[in-house]
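In: Structure, please.
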Amino acid sequence: MRSAGAIAGVARGVVLGWALGGACAWAQPPAAAGDPYAQPRRALLAELRRQARDGAGEARIDPAALELLARVPRHAYVPAAQRAHAYANRPLAIGYGQTISQPYIVALMTSLAQPKPGQKILEVGTGSGYQAAVLAESGARVYTIEIVAPLAAQARQRLRRYRNVETRMGDGYYGWQEAAPFDAIVVTAAASSIPPPLLAQLKPGGRMVIPVGSSFHAQTLMRVSKDAAGRVRTRQVLPVRFVPLTGGR
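Out: The predicted structure follows:
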């Protein structure tokens, strides 16, 4: 598995963008009088609410997901060099060839996962920890895996405030067998096909959100569901570009 991040920029439902590489220096958000991020945060949430109204079908954002995003300071999950752009509706480089996903994509994937208090959710690709924090705000128990060791260590520190989040450095292709089954699985890197170990760890009645397709070419965000009898159904949501899922070899 390769770490999290939708390489995305939405224009009428089409997700565009590109990966940004290189390690980035992390620093604590500056302490300032008032909140210097208040206005850009409000502007981002207003933009996401407009997109939520414009969405249709599986691509529609649940207002409850926006409430979760509103509770998580995105600037605390980006490198210092990117903090001025923290509330732009686009992905940002977090180093090691990875990104923090576009807020629209985070909101959409959260909507599709439908996190609820008391559920168990697996995230494959912790990245900076932003998506895990958003899921944790729902009251669900979040298990998140990152294969890039420095990012895993940084995210572990950043997510310490959440008692309902467990982190691990490892290959997310194989899931987290000891904690399975999961009510929802969120995969933040593109797989060539749906990993069988993740399907096996999805609880009957559960949901998986995963981008599927070749690296940096045709990819589709998929919503995968498993019914009480174990039958699996998939639905295409919209075109996307994510960094590739690595591991599973």
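In: which one's the longest helix in the chain?
Out: For the chain, the helix with the greatest residue count under DSSP state H is helix 38-54.
In: burial measure for residue 59, as a count.
Out: Taking other Cβ atoms under 10 Å as the neighbour definition, residue 59 ends up with a count of 18. Where you see a C-beta, it was placed from the backbone N, CA and C, and this is true even at glycine.
In: what do you get for the one 4 residues further on?
Out: For residue 63, the count of nearby residues is 13 (other Cβ under 10 Å).
In: who touches it in this structure?
Out: Counting by Cβ atoms under 8 Å, 6 or more residues apart in numbering, residue 63 touches 49, 52.
In: heads up, I number from 29, so please use that
Out: OK, 29 is where the count begins now, so the last one is residue 91.
In: and it, how far is that from residue 163?
Out: The gap separating residue 91 from residue 163 is 16 Å, by Cβ to Cβ, to the nearest Å.
In: Any stretches of this structure with poor pLDDT?
Out: Filtered on pLDDT under 70, the chain yields the residue ranges 29-61, 243-245, 276-277.
In: got the CA positions of the lengthiest strand in the chain in CSV?
Out: As assigned by DSSP state E, the longest strand anywhere in the chain is strand 230-241. As requested, C-alpha coordinates have been extracted for strand 230-241 and formatted as CSV (Å, rounded to 0.1, in the frame of the first residue of the first chain):
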residue,chain,number,x,y,z
LEU,A,230,-15.8,-6.0,5.7
LYS,A,231,-18.7,-6.9,7.9
PRO,A,232,-22.0,-8.0,6.3
GLY,A,233,-24.0,-4.9,5.9
GLY,A,234,-20.7,-2.9,5.7
ARG,A,235,-19.4,-0.4,3.1
MET,A,236,-16.1,0.1,1.5
VAL,A,237,-15.0,3.3,-0.4
ILE,A,238,-12.0,2.7,-2.7
PRO,A,239,-10.6,4.2,-5.9
VAL,A,240,-10.0,1.5,-8.5
GLY,A,241,-7.9,1.8,-11.6
